[in-house]
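Peer 1: A structural model of the following input is requested.
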Amino acid sequence: MVTTRRLRYIVFSLWFVPLMFVFGWFIAMEDDGLRHPTCSFTFYNRFPFRITIFLIFMLPLISTLVIYGCILVKLLKAKVEFETYCSDQKLEISQNNNGNKQNKTPAMRSLSTRSTNVYSKLKLVWTTLLIVSTFSLSWGLCVLYFVTVCAEGCMIIYRENIGLYMSLFLNSSVNILVMLKLASNPFIYTLRIKAIRSSVDRFLSKLLRRPIGTKSYYVTSLVPTTTIEPTAI
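Peer 2: Here you go, the predicted model:
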């Protein structure tokens with residue numbers, strides 16, 4: 001089902017449809033937007049447009065959080081069951097090998113591969129949840145402020161219930177959160193890779209003048225990883 005052509009159509013639609021939807025607001029009402037002689041878009045500062053953008057933003061976001069939460073619960077249950085199964089299988093394989101630890105049977109290699117796949121999927125879901133949750137904290141607050149404060153019809157009316165300086169402070173705060181979110185994305189993606197975690201740990205050790213000989217948590221991860229890890233969306 002997930003083909004390259006369909007993915008291209010989906011990505012194109014994700015960019016094109018919202019632009020056309022917002023463009024529709026600019027031409028829908030008379031004497032407003034592009035149909036105004038001086039292009040004065042008063043609809044932008046009113047509640048109907050803002051609540052529409054808020055719902056379009058929040059409904060998919062909440063759905064994504066719920067879906068990935070369910071996937072995480074399923075994977076955690078599968079992890080516990082799989083670890084129990086692995087311990088039983090390793091005990092049985094070690095008994096069949098008569099204590100010969102150097103002899104790795106095909107069953108042991110298959111068990112190790114399956115264990116790596118389970119942990120890799122679990123790490124992928126955790127990374128995706130981290131991406132979505134930080135996105136919710138930054139852009140979610142930004143959209144919440146967008147729908148709460150406006151010039152007409154909102155809970156807080158600009159220049160009536162809230163002053164210029166307080167509005168400037170809140171605007172700056174939510175935009176700083178968005179900037180921090182954009183800046184943190186590369187770290188969230190790349191710190192999943194063991195080699196980069198090791199490099200960051202060595203850099204911090206030199207910066208803080210710590211001894212590099214002792215391996216830290218970032219150098220030796222308890223979770224096995226594959227050579228090529230999947231990339232979170």
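
Peer 1: elements contacting the longest helix seen in the chain?
Peer 2: In the chain, taking DSSP state H as the definition, the longest helix is helix 47-96. Packing partners of helix 47-96 (3 or more CB pairs under 8 Å, 6 or more residues apart in numbering; DSSP states H and E): helix 4-28, helix 106-148. Using the backbone N, CA and C atoms, a C-beta is placed for each residue, glycine as well.

Peer 1: mean pLDDT for those helices: which is lowest?
Peer 2: Sorting the helices and strands packed on helix 47-96 by mean pLDDT places helix 106-148 lowest, at a mean of 79.

Peer 1: now that helix: how far from the chain's centre is it?
Peer 2: 7 Å (CA atoms, centre = their mean, to the nearest Å).

Peer 1: check which element follows that helix along the chain.
Peer 2: strand 149-150 (DSSP states H and E).

Peer 1: distance from that next one to the middle of the chain?
Peer 2: Relative to the chain's own centre, strand 149-150 is displaced by 28 Å; criterion: CA atoms, centre = their mean.

Peer 1: pLDDT on it, on average?
Peer 2: 90.

Peer 1: same question, stretch 74-86
Peer 2: Here stretch 74-86 scores 78 as its mean pLDDT.

Peer 1: buried residues in it?
Peer 2: Of the residues in stretch 74-86, L75, F82 count as buried by neighbour count, 16 or more other CB atoms under 10 Å.

Peer 1: and that stretch, how far out from the chain's middle?
Peer 2: Its chain's average C-alpha position is 24 Å from that of stretch 74-86, according to CA atoms, centre = their mean.

Peer 1: next one: stretch 136-152
Peer 2: Centre-to-centre, stretch 136-152 and its host chain are 19 Å apart (CA atoms, centre = their mean).

Peer 1: who touches it?
Peer 2: For stretch 136-152, the surrounding residues in contact (CB atoms under 8 Å, 6 or more residues apart in numbering) are 45-47, 50-51, 53-54, 57-58, 61, 65, 154-159, 162, 167, 170-171, 174-175, 177-178, 180-181.

Peer 1: show the buried residues in those.
Peer 2: For those, buried by 16+ other CB under 10 Å: 46-47, 50, 53-54, 57, 61, 154, 170, 174, 177-178, 181.

Peer 1: closest one of those residues to L130?
Peer 2: Checking the buried ones among the contacts of stretch 136-152 against L130 by CB to CB gives K181 as the nearest, at 11.2 Å.

Peer 1: sorry, back to before: just send the buried ones among the contacts of stretch 136-152 back as JSON lines, with distance to V73 too.
Peer 2: Below are the buried ones among the contacts of stretch 136-152 laid out as JSON lines (distance: CB to CB, whole Å):
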{"residue": "R46", "distance to V73": "41"}
{"residue": "F47", "distance to V73": "37"}
{"residue": "R50", "distance to V73": "34"}
{"residue": "I53", "distance to V73": "31"}
{"residue": "F54", "distance to V73": "28"}
{"residue": "F57", "distance to V73": "25"}
{"residue": "L61", "distance to V73": "19"}
{"residue": "C154", "distance to V73": "37"}
{"residue": "L170", "distance to V73": "36"}
{"residue": "V174", "distance to V73": "31"}
{"residue": "L177", "distance to V73": "28"}
{"residue": "V178", "distance to V73": "30"}
{"residue": "K181", "distance to V73": "26"}
